[in-house]
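> Generate a structure from the sequence data that follows.
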Amino acid sequence: AIMISVMRMVWFHLRQFARVGYFVGLLVSSTTSMFLLQLLAMRAATGPIPSPDPQLWVRAALVGMWSVCTVSAGMIGFQRMQGTLVHVLFSPRSPIATLGPIVAAGSCFGILSFPLAAGLAVVFHQPVGTINGVGLPLYWLACLSVSVVVAATFVFTRNAIAYEPLLLVPMIVLSGVFGSPLPQLAAVGWVIPTSHAIAVLTTPNIDPGRIVTTLAVSAAWLAGGGWLARIALRRATVAGTLEVA
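I've put the predicted structure just below:
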């Protein structure tokens, strides 16, 4: 019964998410711009006819999905501005059960970046390389877990939505979308669940170790998001030091 209730909440927020033109435009613009930027870079390096890159569309889709997930976390700040956050948090459900479906809806919507990027690859005569099917749900889970932490953090300050764009580039660089980060940053990238999910997604062979690591790190981030949400709720209801309206 709890799972059905959560799925209904996700479906409700997903429909609301898809009706907002900004989110649809962000999905299209972020995926398309990343695809075209890579294409232009390839043309600058190899000439008017770029070399075929079967992973070009995958990188564009990964960036597009993460962009939407980041903004979905920022919806917490948007709900604060609307004055509805107080009603979301003050409910019989746990904070993670109320914040989670909001962010999960954005993660589900972001999956559309993959067929969009594949369509762009066909239009611009780029090969559509295969991806590991196990990696896609893992990447969804990884994005969801990071977004839950970001969303819970956004509850603490009214200005959090202004810092939202600053998260996009560092997380993309550390996640390994464009290859391994600098050796000095490799340890930081290891604690980001998207980096392990991308490794599974882009590797033809199934690596059980990577899958388990992705699940474990994602679970740790989800637990951290729940812990932060509980702190926010306690500050709002007990200490009275957090304004959620």
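> which residue sits closest to residue 72, ignoring its sequence neighbours?
Of all residues not flanking residue 72 in the chain, residue 106 sits nearest, at 2.1 Å (CB to CB, 6 or more residues apart in numbering). Every residue, glycine included, has its C-beta placed from N, CA and C.
> Could you point out the helix or strand that follows the helix or strand encompassing the one you found?
Assigning secondary structure by DSSP states H and E places residue 106 in helix 95-110. Next helix or strand after helix 95-110 toward the C-terminus (DSSP H and E): helix 113-123.
> So for that next one, mean pLDDT?
In this model, helix 113-123 carries a mean pLDDT of 94.
> Can you give me the buried ones in the next helix-or-strand element following it?
Going down the chain from helix 113-123, the next helix or strand is helix 135-154, by DSSP H and E. Neighbour-count burial for helix 135-154 flags 135-136, 138-154 (criterion: 16 or more other CB atoms under 10 Å).
> What of stretch 196-204?
196, 197, 198, 199, 200, 201, 202.
> between these, which is nearest residue 121?
Nearest to residue 121 out of these is residue 202 (CB to CB; 15.1 Å).
> Does the closest one touch residue 138 like I think?
No. Contact between residue 202 and residue 138 fails when scored by CB atoms under 8 Å: they sit 11.6 Å apart.
> For residue 132, give me its contacts.
200, 201, 202, 203, 204, 206 (CB atoms under 8 Å, 6 or more residues apart in numbering).
> one more time with 6 Å, if that's ok
200, 201, 203 (CB atoms under 6 Å, 6 or more residues apart in numbering).
> Excluding covalently adjacent residues, which one is nearest to residue 225?
That would be residue 148: by CB to CB, 6+ apart, it lies 3.4 Å from residue 225.
> where in this structure is pLDDT low?
For the chain, the stretches with pLDDT under 70 are 1-2, 47-50, 73-74, 76-91, 94-96, 155-169, 175-186, 236-245.
> just the helices in it please.
2-18, 21-46, 56-82, 85-89, 95-110, 113-123, 135-154, 160-175, 186-190, 193-201, 208-234 (DSSP state H).
> Reformat the buried residues of stretch 196-204 as JSON lines; add distance to residue 56.
Compiled in JSON lines, the buried residues of stretch 196-204 are given as follows (distance: CB to CB, whole Å):
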{"residue": "196", "distance to residue 56": "22"}
{"residue": "197", "distance to residue 56": "19"}
{"residue": "198", "distance to residue 56": "15"}
{"residue": "199", "distance to residue 56": "18"}
{"residue": "200", "distance to residue 56": "19"}
{"residue": "201", "distance to residue 56": "14"}
{"residue": "202", "distance to residue 56": "12"}
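> Let me know the closest of those to residue 131.
Nearest to residue 131 among the buried residues of stretch 196-204, with distances taken as CB to CB, is residue 201, at 5.4 Å.
> Look up how far residue 60 lies from the spatially closest residue to the closest one that is not a sequence neighbour.
Nearest-residue entry for residue 201: residue 135, 2.8 Å, with adjacent residues in sequence omitted and distances by CB to CB, 6+ apart. Distance, residue 135 to residue 60, using CB to CB, to the nearest Å: 16 Å.
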